[in-house]
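In: this one's sequence-less:
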């Protein structure tokens, strides 16, 4: 691994996990991106999460998952990979509540017919427990998701960008389709208070899928 991406503060186990993640990504994107590009995306992703993490145990896994998404987006932007499915990006401030619930509904309803991503302008360290609980009531498990930032290639790869309360912090790219959903922020609310927000998000996601001609599973 290039010295540029060496993290002296990592434990042996974490360094090994990053090496394993790099190999996994190289297998996935072999022939599309160089080893240097893959490692750069992996390690910059790691650095972004390291700033927020109180416990670093799962950082290599989070970095691998986010780097995979970023590289998938870059492949589409550069014309190397586009399977024709619409990509919708849900953005809010912390990527801990509204955007996570929207992505959960979208993935659940669209199945393999479309792709959903999410991000935040000031992403949190964990998902709102009330959002997780309210989605579980609908049979949708978002507990394995994690707040993440957005990056240029992810925004450029999206066909539709749905913003939810991030205001001027939301990135604007000419020619991109934007939808602004005004929804209450579930931060600090109880599960009971989050339910109406959840239900409104589901209604809007269903309407969006209809607009995109995606069959609801």
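Out: Sure, I can see it. Values in this document were obtained by computation on a predicted structure and should not be read as measured data.

In: in stretch 18-29, what counts as buried?
Out: 18, 21-22, 25, 29 (16 or more other CB atoms under 10 Å). For glycine as for every other residue, the C-beta is placed from the backbone atoms N, C-alpha and C.

In: buried sites along the top helix by length along the chain?
Out: In terms of residue count, the longest helix belonging to the chain (DSSP state H) is helix 191-211. By 16+ other CB under 10 Å, the buried positions in helix 191-211 come out as 191, 194-195, 197-198, 200-202, 204-205, 208-209.

In: How about stretch 110-129?
Out: Of the residues in stretch 110-129, 110, 114-121, 123-124, 127-128 count as buried by neighbour count, 16+ other CB under 10 Å.

In: Equivalent analysis for stretch 125-141, please.
Out: 127-128, 130-135, 140.

In: same thing with stretch 28-47?
Out: 29, 33, 38-43, 45-46.

In: hang on, the earlier thing: contacts for the longest helix of the chain, please.
Out: 88, 97-98, 101-102, 105-106, 109-110, 114, 128, 130-131, 133-135, 137-138, 160, 162, 179, 181, 183-184, 186, 189, 216 (CB atoms under 8 Å, 6 or more residues apart in numbering).

In: next one: that helix to chain centre, how far?
Out: 19 Å (CA atoms, centre = their mean, to the nearest Å).

In: Need the worst-confidence member of the buried residues of stretch 110-129.
Out: Among the buried residues of stretch 110-129, residue 121 carries the lowest pLDDT, at 88.

In: quick one, what contacts the residue nearest to that residue when sequence neighbours are not counted?
Out: Nearest non-adjacent residue to residue 121, counting by CB to CB, 6 or more residues apart in numbering: residue 169, 3.7 Å away. By CB under 8 Å, 6+ apart, residue 169 lies in contact with 93, 121-122.

In: Low-confidence regions, the chain specifically.
Out: By pLDDT under 70, the weakly predicted segments of the chain are 1-9, 53-55, 80.

In: quick one: the strands in it?
Out: 87-92, 115-120, 160-164, 177-180 (DSSP state E).

In: Quickly run through the sheet partners of the shortest one, with directions.
Out: By that I understand strand 177-180. Here strand 177-180 is paired, per DSSP bridges, with strand 160-164 (parallel).

In: tell me the angle of the strand it pairs with relative to strand 87-92?
Out: Following axes from the mean of the first three to the mean of the last three CA atoms, to 10 degrees, one obtains 10 degrees for the angle between strand 160-164 and strand 87-92.

In: Strand 160-164 vs strand 115-120, what angle?
Out: 40 degrees.

In: now strand 160-164 against helix 191-211, angle please.
Out: Using the same axes, to 10 degrees, strand 160-164 lies at 160 degrees relative to helix 191-211.

In: Can you give the distance of strand 160-164 from its chain's centre?
Out: How far strand 160-164 lies from its chain's middle: 13 Å, per CA atoms, centre = their mean.

In: That's all I had, so thanks and see you.
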